[in-house]
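Participant: Sharing a model that was predicted from the sequence below.
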Amino acid sequence: MVKIDAHSLSQFVKDYLPRQRPARSIRATVLHHTYRPRAQDYRGLQTIERIRDYHVHSRGWRDIAANAYTTPDRKVYNARPLSATNYAHAYISKAWNQVPDDVRALAHPDRQFFNHYAFGIETIGDFDVQSISPIPPALDTALRVLAAVHTLYALPPDRRFLPRDVAHKSCPGRRISRDWARRELAERMTSLRVMLEPEPGSPATDTPILCHPVLEHGVTRCDLRALAEALGYRVISTDLPTTGTIRLRPTDTPKP
């Protein structure tokens with residue numbers, strides 16, 4: 001079974017995710033809540049280990065169900081690796097005419113589609129009753145992990161699904177709607193932060209550059225001015241209307 005560790009959001013997104021080698025292509029994501037344990041039941045790693053114990057010994061699964069777990073203290077716990085050939089995200093148990101059209105178009109006739117081709121994340125909480133206004137830290141962290149997964153695998157926000165789309169359950173909670181979750185995911189995908197990487201020997205910094213990077217058809221696009229100014233340049237666009245030219249000048253360079 002996998003060794004489960006706690007990660008910060010940055011560590012999980014920058015270090016853990018890029019090292020994963022999926023056994024099959026990642027074509028969707030699934031957002032869960034744990035229901036039990038609830039947010040107030042969380043006790044660190046032992047809570048995640050107890051979830052695994054339930055999955056293995058009560059459900060008969062080979063390991064913990066999802067690929068990651070997010071918690072009230074904004075930790076991300078790695079779980080079943082993407083190199084596994086099967087996950088436990090969402091078996092399509094509803095009749096095909098009862099699932100949303102986009103599920104049927106993507107998955108039919110494979111009832112194991114989300115267990116083979118999806119990244120699944122579980123959030124510690126019971127969102128049948130727990131408020132999502134303001135968004136709890138565990139849920140916000142889960143949405144940010146999903147934003148990174150969708151960006152990494154070039155998935156649009158509408159490839160994010162809920163377990164109740166395909167099974168007779170409320171997961172990830174009655175307070176979370178399909179449209180809300182996709183809208184919140186889309187906002188996080190369009191506001192991913194680029195972090196300054198200092199050169200060796202220079203003062204360390206993790207100041208975010210808010211340049212609104214977006215992945216479009218394999219090309220990363222961002223706001224030039226925000227990126228350039230954060231890197232120590234002034235953007236000179238006075239010639240843009242006449243010559244189509246934008247110039248960058250280091251901020252410590254005197255004007256001619």
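Facilitator: Now that the structure is in, tell me what you want to look at.
Participant: in stretch 74-85, what counts as buried?
Facilitator: Within stretch 74-85, the residues scored as buried using 16 or more other C-beta atoms under 10 Å are K75, V76, Y77, N78, A79, R80, P81, L82, A84. The C-beta positions use only the backbone N, C-alpha and C, and glycine is treated the same way.
Participant: Please apply the same query to stretch 166-174.
Facilitator: For stretch 166-174, burial by neighbour count (16+ other C-beta under 10 Å) applies to V166, A167, S170, C171, P172, G173.
Participant: so the fourth one makes contact with Y35?
Facilitator: Yes: between C171 and Y35 there is a contact at 6.9 Å, judged by C-beta atoms under 8 Å.
Participant: thinking again about what came up before, please identify the one among the buried residues of stretch 166-174 that lies nearest to R247.
Facilitator: In terms of C-beta to C-beta, no member of the buried residues of stretch 166-174 lies closer to R247 than P172, at 49.2 Å.
Participant: CSV for the buried residues of stretch 74-85, including pLDDT and distance to S131?
Facilitator: As requested, the buried residues of stretch 74-85 are exported to CSV (pLDDT from 0 to 100; distance: C-beta to C-beta, whole Å):
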residue, pLDDT, distance to S131
K75, 97, 21
V76, 98, 22
Y77, 98, 23
N78, 98, 28
A79, 98, 26
R80, 98, 29
P81, 97, 33
L82, 97, 32
A84, 96, 34
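Participant: Please narrow those residues to those residing in strands.
Facilitator: Using DSSP state E, the subset of these located in strands is V76, Y77, N78.
Participant: so which helix or strand takes in T141?
Facilitator: helix 137-152 (DSSP states H and E).
Participant: now for that helix, which elements pack on it?
Facilitator: helix 9-11, helix 17-19, strand 28-33, strand 68-70, strand 118-123, helix 178-189 (3 or more C-beta pairs under 8 Å, 6 or more residues apart in numbering; DSSP states H and E).
Participant: Kindly present these as a markdown table, with separate columns for mean neighbour count.
Facilitator: A markdown table is the format used below for the helices and strands packed on helix 137-152 (neighbours: other C-beta atoms under 10 Å):
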| stretch | mean neighbour count |
| --- | --- |
| helix 9-11 | 15 |
| helix 17-19 | 13 |
| strand 28-33 | 25 |
| strand 68-70 | 27 |
| strand 118-123 | 27 |
| helix 178-189 | 17 |
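Participant: would you turn these into CSV with distance to I132?
Facilitator: Shown next, in CSV, are these (distance: least, C-beta to C-beta, whole Å):
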stretch, distance to I132
helix 9-11, 19
helix 17-19, 25
strand 28-33, 10
strand 68-70, 14
strand 118-123, 10
helix 178-189, 8
